[in-house]
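Visitor: Got a sequence here, can you model it:
(one chain, ligands or ions: 2)
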Amino acid sequence: MRYTRLFGKTSKTAPHDADSKNARLLVQAGFVDQLMAGVYTYLPLGLRSLEKVKGIIREEMDAVGGQEVLMPALHPKEPWEQTGRWEDPGPEVMFRVQGRGGKQYGLGWTHEEIITPLAKKFIRSYKDLPFAAYQIQDKFRNEPRAKSGLLRGREFSMKDLYSFHCDEEDLDRYYEEVSQAYLRIFGRCGLKAIVTEASGGAFSKYSHEFQVLTESGEDIIFHCPTCGYAQNREVSEYRAGDKCPKCGGTMEEGKAIEVGNIFRLKTRFSEAFGVNYTDAAGSEKPVLMGCYGIGPSRVLGAVVEVLSDDRGIIWPKELAPFSVHLVLLPAKDEGVTQDLITAADALYQELRDHGIEPLYDDRPDVRAGEKFTDADLIGLPLRLVVSERLQAEGSVECKERTAADALIVKRDDVLGEVQRFLAD
Ligand code: ATP
Ligand code: MG
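Guide: Ligands and ions are numbered 1, 2, ... in the order given. Here you go, the predicted structure:
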């Protein structure tokens with residue numbers, strides 16, 4: 001991608017109204033644009049990174065047997081009345097929309113009311129179980145305070161997986177499998193998530209949240225650094241300094257961002273919609289369910305909160321919108337020569353021919369300092385610089401976003417160097 005053609009650019013100053021680091025950096029670096037509180041447009045850079053988060057989630061959900069579906073965002077009122085959630089939490093959470101003739105609809109903030117009656121159409125006997133279906137879709141929530149950039153939106157991206165089982169044992173087995181998949185997802189996104197016990201709703205003692213420690217987090221958790229055991233403060237019987245009930249270590253208090261949450265719903269929704277199956281002995285039983293959420297947009301915000309420095313974002317390789325930032329560097333006063341442009345264009349083409357898509361800062365009239373500031377702000381993992389001086393000696397400068405120093409690499413070795421870096 002040529003920077004001169006890119007829709008959405010960096011700006012020299014941070015947005016004045018950003019209330020968080022992720023909003024400030026993502027807007028300033030040209031990844032997103034705020035439409036109103038809690039609602040963002042993803043520009044090409046932001047969308048590429050968001051799609052990478054979703055791609056990782058898809059791979060890991062498919063690996064645990066999840067089958068992707070796409071349910072509507074516009075919901076009829078009736079199934080919500082059937083579970084009681086049209087009224088409670090009702091409009092506190094759900095945006096209601098009025099259609100023709102005064103007919104009422106709601107915008108989906110979760111999908112148990114849609115997936116459970118849907119599953120009922122296909123479940124007859126134990127032979128149809130277990131199965132799991134997920135979607136990645138925008139959710140709408142009437143959040144009282146939409147803030148912290150992508151961390152708390154009124155429209156935001158969610159992956160929601162729902163699983164259906166014959167008995168509690170099978171639900172427990174799958175719940176654990178998904179929990180492991182979640183840890184892989186967050187790890188690939190560069191986040192260290194702590195599995196945290198939290199309130200479980202009506203049907204189980206605990207749900208499990210995946211919490212990422214950071215000062216900008218809204219949640220407070222008590223966690224044991226020795227064994228990793230953790231509880232959300234909202235449910236917790238612990239205090240900082242208490243003995244860890246699992247290993248005897250010392251519980252610490254920390255602020256954290258909830259990036260995922262998994263629940264054993266058991267029969268809460270299957271009973272509401274009468275979803276039963278016939279077991280091997282011929283008797284009818286209620287289906288047990290689990291549900292498992294991750295907010296890809298919140299994950300993106302959390303990555304920026306956790307992995308950035310005073311110069312900008314530091315993308316993990318798997319989430320960077322482009323893996324290489326190729327810079328055509330003008331000489332101090334002369335600008336760029338046609339020879340230099342030709343050399344940089346050739347490197348750009350060579351990388352693309354090998355399946356590496358660079359962001360190419362091909363601006364002929366922008367000074368080195370500004371280009372480097374932009375590269376650090378955007379935060380791609382690797383920066384390559386083509387300059388008159390290096391060109392004269394047949395080499396290219398190569399610098400990792402997190403490294404203090406650059407390497408000078410022979411022009412012929414650049415491709416191999418980049419490939420090695422990306423493969424690590
Ligand atoms: P919170 O307690 O932060 O309001 P929640 O517990 O209501 O979130 P869940 O219903 O568990 O959220 O949703 C599953 C996941 O969706 C969350 O773990 C989070 O990653 C994401 N999510 C929830 N609400 C938002 C939001 N307003 N903006 C962005 N992501 C969200
Ligand atoms: Mg939650």
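Visitor: alpha carbons only for contacts and neighbour counts from here, please
Guide: Fine.
Visitor: How about S199, nearest residue that isn't a chain neighbour?
Guide: Nearest residue to S199 in three dimensions, chain neighbours excluded: Y206, at 5.0 Å (C-alpha to C-alpha, 6 or more residues apart in numbering).
Visitor: now do I221
Guide: Nearest to I221 is N232, by C-alpha to C-alpha, 6+ apart, at 4.3 Å.
Visitor: quick one: contacts for the one you found?
Guide: By C-alpha atoms under 8 Å, 6 or more residues apart in numbering, the contact set of N232 is T196, E197, A198, D219, I220, I221, F222.
Visitor: Am I right that the second one is in a strand?
Guide: Yes. Counting by DSSP: H, G, I helix; E, B strand; the rest coil, E197 is found in a strand.
Visitor: and the gap between it and ligand 1?
Guide: Using C-alpha to the nearest ligand atom, to the nearest Å, E197 is found at 12 Å from ligand 1.
Visitor: Quick check, that residue in contact with E234.
Guide: No. Judged on C-alpha atoms under 8 Å, E197 makes no contact with E234 at a distance of 10.0 Å.
Visitor: which of these two has more neighbours?
Guide: Taking other C-alpha atoms under 10 Å, E197 and E234 do not tie; E197 has more neighbours (24 against 12).
Visitor: Could I get the contacting residues of the more buried one?
Guide: With C-alpha under 8 Å, 6+ apart, E197 has these contacts: Y206, S207, H208, E209, A230, Q231, N232.
Visitor: tell me which parts of this protein are close to ligand 1?
Guide: By the rule C-alpha under 6 Å from any ligand atom, the part of the chain lying against ligand 1 is 151-154, 156, 158, 258-261, 293-295, 298.
Visitor: What is the neighbour count of the residue lying closest to D219 once chain neighbours are set aside?
Guide: Nearest non-adjacent residue to D219, counting by C-alpha to C-alpha, 6+ apart: A256, 5.2 Å away. Using other C-alpha under 10 Å, A256 has 23 neighbouring residues.
Visitor: Strands of the stretch 101-250 of the chain, start to end?
Guide: 104-107, 131-140, 155-165, 193-199, 206-213, 219-223, 230-232 (DSSP state E, counting those that start in this stretch).
Visitor: that older thread, and the residue nearest to I221, what pLDDT?
Guide: With respect to pLDDT, N232 has a value of 97.
Visitor: Quickly note the distance from the residue in the stretch 51-200 of the chain positioned nearest to ligand 1 to H325.
Guide: Going by C-alpha to the nearest ligand atom, ligand 1 is nearest to R152 of the stretch 51-200 of the chain, at 3.5 Å. R152 is 30 Å from H325, where distance means C-alpha to C-alpha, to the nearest Å.
Visitor: Those two: which has the busier surroundings?
Guide: H325 (28 against 21).
Visitor: elements contacting the host helix or strand of N261?
Guide: For N261, the host element (DSSP states H and E) is strand 252-266. Contact analysis of strand 252-266 by 3 or more C-alpha pairs under 8 Å, 6 or more residues apart in numbering; DSSP states H and E lists helix 168-188, strand 206-213, strand 219-223, strand 288-294, helix 296-306 as its packing neighbours.
Visitor: re the thing from before, please report the distance of the residue nearest to I221 from I262.
Guide: Distance, N232 to I262, by C-alpha to C-alpha: 14 Å.
Visitor: tell me the most buried of the strands of the stretch 101-250 of the chain?
Guide: Most buried of the strands of the stretch 101-250 of the chain, by mean neighbour count (mean count of other C-alpha atoms under 10 Å): strand 230-232, with a mean of 27.
Visitor: How far away from the center of its chain is it?
Guide: On the basis of C-alpha atoms, centre = their mean, to the nearest Å, the separation between the geometric centre of strand 230-232 and that of its chain is 22 Å.
Visitor: residues contacting T250?
Guide: C224, P225, T226, A240, G241, D242, K243, C244.
Visitor: One more: L47?
Guide: Taking C-alpha under 8 Å, 6+ apart as the test, what L47 contacts is F31.
Visitor: If we use 10 Å, what do you get?
Guide: Counting by C-alpha atoms under 10 Å, 6 or more residues apart in numbering, L47 touches F31, V32, T41, V53, S297, P321.
Visitor: Now do the contacts for the fourth one.
Guide: By C-alpha under 10 Å, 6+ apart, the contact list for V53 reads 47, 185-186, 188-189, 295-297, 299-300, 318-320.
Visitor: Over to the second one?
Guide: Remark: with contacts taken as C-alpha under 10 Å, 6+ apart, V32 is in contact with 8, 23-26, 40-47, 149-150.
Visitor: Give me the pLDDT value at G201.
Guide: On the pLDDT scale, G201 gets 74.
Visitor: pretty sure it contacts I262?
Guide: No. With contact defined as C-alpha atoms under 10 Å, G201 does not count as touching I262 (11.0 Å).
Visitor: The two: which is more packed in?
Guide: When G201 and I262 are compared for neighbours, I262 comes out ahead with 26 against 13, by other C-alpha under 10 Å.
Visitor: mind listing the helices for this structure?
Guide: 21-28, 44-63, 78-83, 112-120, 168-188, 268-273, 296-306, 338-353, 368-378, 388-392, 414-423 (DSSP state H).
Visitor: Mind giving me the packing neighbours of the longest one?
Guide: This means helix 168-188. helix 44-63, strand 155-165, strand 193-199, strand 206-213, strand 252-266, strand 288-294 (3 or more C-alpha pairs under 10 Å, 6 or more residues apart in numbering; DSSP states H and E).
Visitor: I'd like to know which of those lies nearest to D339.
Guide: D339 sits nearest to helix 44-63 of all the helices and strands packed on helix 168-188, at 29.3 Å, using C-alpha to C-alpha.
Visitor: Thanks a lot, catch you later.
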